[in-house]
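Asks: need a 3D model of the following:
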Amino acid sequence: MQKACDFAGCNHSGSVDSCGLNKLSIGCSGCVVSVGGDPEIRRRLLEMGFCNGASVEVIRRAPLGDPIEFRLRGYSLSLREEQARHVTVAPNAIG
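Replies: Numbering: from 1, shown residues only. As a prediction, the model looks like this:
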């Protein structure tokens, strides 16, 4: 499979068009394509700023991988991997 971006630390090897936010590695970024999940989770994610077209970057992960810190709309926030998987992003090519 083809890598989603040229960033050396990225381990996402699925579709190059989109992937779950929880699949991006530290330093990778992308644009939000869609937000899913049950209505409560979806509403909460949209209220936090995960709207279509928003740029999001993975800053760091906790030592055991959960939660994950993101930079979105000029601020940092953390999500559990379970929550992050409901956000689909189009990875940005780094070059």
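
Asks: list the contacts for the residue nearest the centre of the chain?
Replies: Nearest to the mean C-alpha position of the chain, by C-alpha atoms, centre = their mean, lies Leu21 at 2.5 Å. Residues near Leu21 by C-beta atoms under 8 Å, 6 or more residues apart in numbering: 30, 56, 58, 68, 70, 79, 84-85, 87-89. Where C-beta positions appear, they are placed from N, C-alpha and C, glycine not excepted.

Asks: what segments of this structure are helices?
Replies: Counting by DSSP state H, the chain has helices at residues 39-48, 81-84.

Asks: need the residues that contact the helix or strand of the chain with the lowest mean pLDDT.
Replies: The weakest-scoring helix or strand in the chain, judged by mean pLDDT, DSSP states H and E, is strand 19-20 (a mean of 86). With contacts defined as C-beta under 8 Å, 6+ apart, strand 19-20 is touched by 4, 12, 30, 84-89, 91.

Asks: filter these down to the ones in strands?
Replies: Those of the contacts of strand 19-20 mapping onto strands are 30, 87-89, 91, per DSSP state E.

Asks: thanks a lot, catch you later.
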